[in-house]
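Asks: sequence and predicted structure, then a few things I'm wondering about:
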Amino acid sequence: MTNLGLFLAKKSVNKAEISRKTGISKSRLSELSMNNSTKLRADELYLIALAIDVDPKELLNHLFMDLKLKD
């Protein structure tokens, strides 16, 4: 499961409802939730955050918390 999948599971959100609100297909949401090699676009991240009523920054921080700058 991806960080997005874990975040959505933690928030107990319905992917069908996210799909309806955002226009992102259920299959795309499943791919983003299950496949680590699938790239999340910025517009998708923003729409998902709006649909689940969280600050996009909170979602961004959760999804990419492991990224660090090189020394």
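Replies: Nice, I can see it. Residues are numbered from 1 along each chain as shown.

Asks: do a quick rundown of the helices in the chain.
Replies: For the chain, the helices defined by DSSP state H occupy 3-10, 15-22, 26-34, 42-51, 56-63.

Asks: could you dump these to CSV with mean neighbour count, mean pLDDT and distance to Leu69?
Replies: No exception for glycine: its C-beta is placed from N, CA and C like everyone else's. Compiled in CSV, these are given as follows (neighbours: other CB atoms under 10 Å; pLDDT from 0 to 100; distance: least, CB to CB, whole Å):
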stretch, mean neighbour count, mean pLDDT, distance to Leu69
helix 3-10, 16, 94, 19
helix 15-22, 15, 96, 31
helix 26-34, 16, 96, 25
helix 42-51, 16, 97, 19
helix 56-63, 14, 94, 15
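
Asks: take those and write them to JSON lines, including distance to Lys70.
Replies: Below are these laid out as JSON lines (distance: least, CB to CB, whole Å):
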{"stretch": "helix 3-10", "distance to Lys70": "21"}
{"stretch": "helix 15-22", "distance to Lys70": "34"}
{"stretch": "helix 26-34", "distance to Lys70": "27"}
{"stretch": "helix 42-51", "distance to Lys70": "23"}
{"stretch": "helix 56-63", "distance to Lys70": "20"}
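
Asks: for Asp71, which of those is the nearest?
Replies: Within the helices of the chain, the stretch nearest Asp71 is helix 56-63; the backing value is 21.2 Å (CB to CB).
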